[in-house]
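*Asks:* fold the following, please.
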Amino acid sequence: MLSNAMMAVLMSRSAPAALVCATLFAPTSAWGAEPNEEAELVSGIDEPAEHADDPGRDLANVILFAPRHIADFLFWGTSVAVAVLENQQVVPRVQGFVSTPGGRLAVLPTFFVETGGVFSVGARLIADLGNVATGLRLGFGGLHSFEIEPRVTFRLDVPLSTINVEGLFKQDNDLEYLGVGQVPATDPRNRFLPGQRGAEAEYFEERVRWILGYAVRPAEVVELAVSASLDRREVEDKKDGDLVLSDVFVPGSLPGDLETRTIFIADSAVRVDTRATRGRPSAGFLSEAYVGGGHAIRGPDVDFVRYGGRIAGFFPIYRTTNILSPKVVLDAVEPLYGHELPFTELSGQPDFRGLDTRRDRISLVGSLDYRWLIISSIGFRLFGDTALVAPDYANIDFEALRWALGMALDLHTNTSEIGQLGFSAAPDGVRLLFSLGVSTGYGDRLHRD
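*Replies:* As a prediction, the model looks like this:
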């Protein structure tokens, strides 16, 4: 027999629930009683029950299986698990430290496709065990393009901090290299084979990386982070490629050449972010700075220092969820002791939403976004980006500035971006992007290529 309090809770849910409760807990003698006159006066619409083998319902359940589980994951409020998924916010806010009682397990399908043939489909598994969360992402994009990325995040309450351990094994057979510089076809540092000036070469890379990181939030809007990593890269011509590195560039002329290296990298960063939420459009200010260095422990000598930062403002227009956001991002790398810097370690431009094909020692990206909330978990944005690279500050050429205009539909939680459907157009081409369950890397210094 249920208690009176439990009965009250059940019966308060809805009228149908009350009817069920009244039936289940009626006196035993009533179960076999004849219907009385009042019962016979009750009328309604008599419809046949839908059986479990209803083809229409079965088809709908199949179609909605993935969206239902994705929606469940999106609104799963365990911030320590989000830290496993999302690289932007290493330490959740104070109010975000909520663990699911007894732990949770979630599987999120992942999908990524981009103009130029980049394609990956897979899954991300996240287990929340209270103060520990683990994640495993698997992606497959072809015979020679796949990745495995495990992560473990430990949450510490005093002080508010996280310890993150992660690995990566990745093969990518769809990478492109045009050469160094803002205009690679005319940059004298690139040595092209006859008839191949300005051609787009393709290459294969196998990468193994381990990262150990610690981040702490000493104040509500301040985050400090340090990390150490081992990064092994093996580069060669694209397997079964039509126009590979050795077809475009003079052999031995590529920065760092096609040699395998293992580089130890140490990094530190500080971030001030006054926004109330990072995934959902929110007003505030963001400032970040980082500095680190690398040293080759295996392979040809490489030593470098890497530094950069970003400044962004988020200003409400008309509504608090309509946000105008200007942003400037700097990334720079300088070789040390006269050692040559491999082209794979040059600064790229992942923040540029046009075709990200330029590399050099210095990268500058400026952007202006107008983003607004459509519903609680979906936002839409219009954006414009500008970008340039240069060998040093004295040779920055603003006349060669590249630009791109576009729009994107964002799928997000309060703390992170889960998916994106985007489009951009620029003088050098059109870019289409669809991703689900894969972070775009915005603001993520550790995982940039």
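*Asks:* ramachandran angles for residue 248?
*Replies:* phi -110, psi -40 (degrees, to the nearest 10).
*Asks:* residues near it, how many?
*Replies:* If you count neighbours by other Cβ atoms under 10 Å, residue 248 ends up with 24. Any C-beta I mention is one placed from the backbone N, CA and C, and that applies to glycine too.
*Asks:* phi, psi of residue 345?
*Replies:* phi -100, psi 0.
*Asks:* isn't it right up against residue 332?
*Replies:* No. Counting by Cβ atoms under 8 Å, residue 345 stays clear of residue 332, with 11.9 Å between them.
*Asks:* give me the more crowded residue out of the two.
*Replies:* Neighbours around residue 345 and residue 332, counted as other Cβ under 10 Å, are more numerous at residue 345. The numbers are 24 against 19.
*Asks:* residue 184 versus the more buried one, what's the distance?
*Replies:* Noted for residue 345: a distance of 17 Å to residue 184, by Cβ to Cβ, to the nearest Å.
*Asks:* residue 148 now?
*Replies:* 33 Å.
*Asks:* in terms of neighbours, single out the busier of those two.
*Replies:* Neighbour count, other Cβ under 10 Å: between residue 148 and residue 184, residue 184 has more, with 22 against 15.
*Asks:* excluding its backbone neighbours, what's nearest the more buried one?
*Replies:* Excluding the flanking residues, the one nearest residue 184 by Cβ to Cβ, 6 or more residues apart in numbering is residue 178, at 4.3 Å.
*Asks:* that neighbour: what's it in contact with?
*Replies:* 184-185, 198-201, 357-358 (Cβ atoms under 8 Å, 6 or more residues apart in numbering).
*Asks:* among those, which pair sits farthest apart?
*Replies:* 199 and 358 (15.2 Å; Cβ to Cβ).
*Asks:* quick one, which of the two is more surrounded?
*Replies:* Between residue 199 and residue 358, counted using other Cβ under 10 Å, the more crowded position is residue 358 (25 against 16).
*Asks:* helix or strand: which one has that one?
*Replies:* Residue 358 is part of no helix or strand when elements are defined by DSSP states H and E.
*Asks:* identify the residues contacting the residue nearest to residue 320 when sequence neighbours are not counted.
*Replies:* Distance criterion Cβ to Cβ, 6+ apart; nearest residue to residue 320, sequence neighbours excluded, is residue 283 at 6.4 Å. Neighbour list for residue 283: 275-276, 314-316, 320, 323 [criterion: Cβ under 8 Å, 6+ apart].
*Asks:* just among those, which is most surrounded?
*Replies:* residue 323 (24 neighbours).
*Asks:* was I right about that residue contacting residue 314?
*Replies:* Yes. If you go by Cβ under 8 Å, residue 323 and residue 314 touch, sitting 5.0 Å apart.
*Asks:* what touches both of those two?
*Replies:* Shared contacts of residue 323 and residue 314 (Cβ under 8 Å, 6+ apart): 281-283.
*Asks:* closest to residue 158 among those?
*Replies:* residue 282 (27.4 Å).
*Asks:* quick one: residues contacting the closest one.
*Replies:* 275-276, 314, 320-321, 323.
*Asks:* keep only those of those residues that are in strands.
*Replies:* 314, 320-321, 323 (DSSP state E).
*Asks:* okay if I get the residues you listed as TSV plus distance to residue 392 and pLDDT?
*Replies:* TSV is the format used below for the ones in strands among the contacts of residue 282 (distance: Cβ to Cβ, whole Å; pLDDT from 0 to 100):
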residue	distance to residue 392	pLDDT
314	32	97
320	42	91
321	42	91
323	35	96
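*Asks:* quick one: which of the contacts of residue 282 is nearest residue 115?
*Replies:* residue 323 (26.8 Å).
*Asks:* of the shared contacts of residue 323 and residue 314, which is the nearest to residue 297?
*Replies:* Using Cβ to Cβ, the shared contacts of residue 323 and residue 314 come closest to residue 297 at residue 282, 42.1 Å.
*Asks:* what's the distance between the closest one and residue 371?
*Replies:* In terms of Cβ to Cβ, residue 282 sits 10 Å off from residue 371.
*Asks:* so what sits against both of these two?
*Replies:* Common neighbours of residue 282 and residue 371 (Cβ under 8 Å, 6+ apart) are residue 323.
*Asks:* can you tell me which residues contact residue 324?
*Replies:* With Cβ under 8 Å, 6+ apart, residue 324 has these contacts: 314-317, 368-370.
*Asks:* out of the residues you listed, which are inside strands?
*Replies:* Per DSSP E, the contacts of residue 324 map to strands at 314-317, 368-370.
*Asks:* between those residues, which is nearest residue 394?
*Replies:* residue 368 (27.2 Å).
*Asks:* what number of residues lie near the closest one?
*Replies:* By other Cβ under 10 Å, neighbour count at residue 368 equals 13.
*Asks:* so what's it up against?
*Replies:* Here residue 368 is in contact with 324-327, 383-384 (Cβ under 8 Å, 6+ apart).
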